[in-house]
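**Q** no sequence on this one, just coordinates:
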C-alpha cells in the first residue's frame with residue numbers, strides 16, 4: 001500500500017470550503033493558517049467523502065458531523081486555555097495550540113465512513129495517520145505528538161498543557177455529541 005494520503009497544495013474550491021468551515025483560522029499566523037487548510041484539504045481529497053458535510057464524528061453519527069465537532073473542540077479548547085492561563089499561570093502559543101485543536105481529528109475522513117470504517121482504520125490507530133500528515137506538512141513536534149496521542153485509547157498521552165487542554169475540550173465536545181444522540185456520555189460510563 002502506498003501513502004494513505006496525498007498532500008494537496010492547490011488553490012481551489014475545496015480550500016475555500018475548508019476556510020469557510022474552520023473556526024479560529026483568523027487567530028493564527030498566515031503560514032500556520034495555510035498549513036492547517038492544506039492538512040484538511042489533503043485529508044478530504046484523499047478520503048472517500050465527496051463533501052465536508054459527509055465526514056462524521058464517528059460512524060453512525062450523521063446528526064453530529066465532524067465539522068461541528070472540530071469547531072466545538074476549538075472553541076472549548078480556547079476557553080480552557082484562558083482558564084489555565086488565569087488559574088495556573090500556563091502560557092500558550094496560539095500558533096501551537098490552535099493547530100492542535102483544529103487538526104486533532106484530521107485523519108477521521110481517512111478512517112471513518114458514515115456507517116463503518118475504511119481499510120486504513122484497521123491498519124493504524126486514530127491520531128497516528130493525522131500525525132504523519134502533519135509531520136509531512138512541517139508542523140512542530142508538539143503539534144504532531146499531541147495529535148498522535150490524543151485518542152482515548154492511545155497507549156499513552158502527552159503531558160503538556162496543550163495535551164491537557166485538548167483532552168478535556170475533545171471529551172467535552174464528544175459528550176455533547178453523545179448526549180445529543182441519546183447515548184451515554186463518557187462522564188457517565190463506568191469502567192471505560
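**A** Cool, got the structure. Computed from a predicted model, the values in this text were never measured in an experiment. Numbering: from 1, shown residues only.

**Q** which elements pack onto the host helix or strand of residue 86?
**A** Element membership of residue 86 [criterion: DSSP states H and E] is helix 66-88. When contacts are defined as 3 or more CB pairs under 8 Å, 6 or more residues apart in numbering; DSSP states H and E, helix 66-88 sits against helix 94-103, helix 161-180. Glycine gets a C-beta too; all of them are placed from N, C-alpha and C.

**Q** pLDDT below threshold where in the chain?
**A** For the chain, the stretches with pLDDT under 70 are 1, 191-192.

**Q** so who does the nearest residue to residue 177 once chain neighbours are set aside touch?
**A** Nearest non-adjacent residue to residue 177, counting by CB to CB, 6 or more residues apart in numbering: residue 64, 4.1 Å away. By CB atoms under 8 Å, 6 or more residues apart in numbering, residue 64 lies in contact with 56-57, 177, 180-181.

**Q** give me the PyMOL select line for these, limited to the buried ones.
**A** Buried subset of the contacts of residue 64, written as a PyMOL selection, criterion 16 or more other CB atoms under 10 Å:
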select buried, resi 56+57+177
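
**Q** redo the contacts of residue 64 as a markdown table? Include distance to residue 17.
**A** Below are the contacts of residue 64 laid out as a markdown table (distance: CB to CB, whole Å):
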| residue | distance to residue 17 |
| --- | --- |
| 56 | 17 |
| 57 | 18 |
| 177 | 22 |
| 180 | 24 |
| 181 | 25 |
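
**Q** tell me which two of the contacts of residue 64 sit farthest apart.
**A** Spatially, the most separated pair among those is 56 and 180, at 13.3 Å (CB to CB).

**Q** returning to what we had before: list the contacts of the helix holding residue 86.
**A** Residues from elsewhere that reach helix 66-88, judged by CB under 8 Å, 6+ apart: 21-24, 27, 52-53, 55-57, 90-92, 97-98, 100-102, 104-105, 108-109, 112, 161, 164-166, 168-170, 172-174, 176-177.

**Q** and if we set it to 7 Å?
**A** 21, 23-24, 52-53, 55-57, 90-92, 97, 101-102, 104-105, 108, 161, 165-166, 168-170, 172-173, 176-177 (CB atoms under 7 Å, 6 or more residues apart in numbering).

**Q** quick check on residue 113: phi, psi?
**A** Dihedral pair for residue 113: phi -110, psi 170, per degrees, to the nearest 10.

**Q** what sits against it?
**A** Contacts for residue 113 (CB under 7 Å, 6+ apart) come out as 48, 59.

**Q** roughly how far apart are the residue nearest to residue 177 and residue 155?
**A** Distance from residue 64 to residue 155, counting by CB to CB, to the nearest Å: 27 Å.
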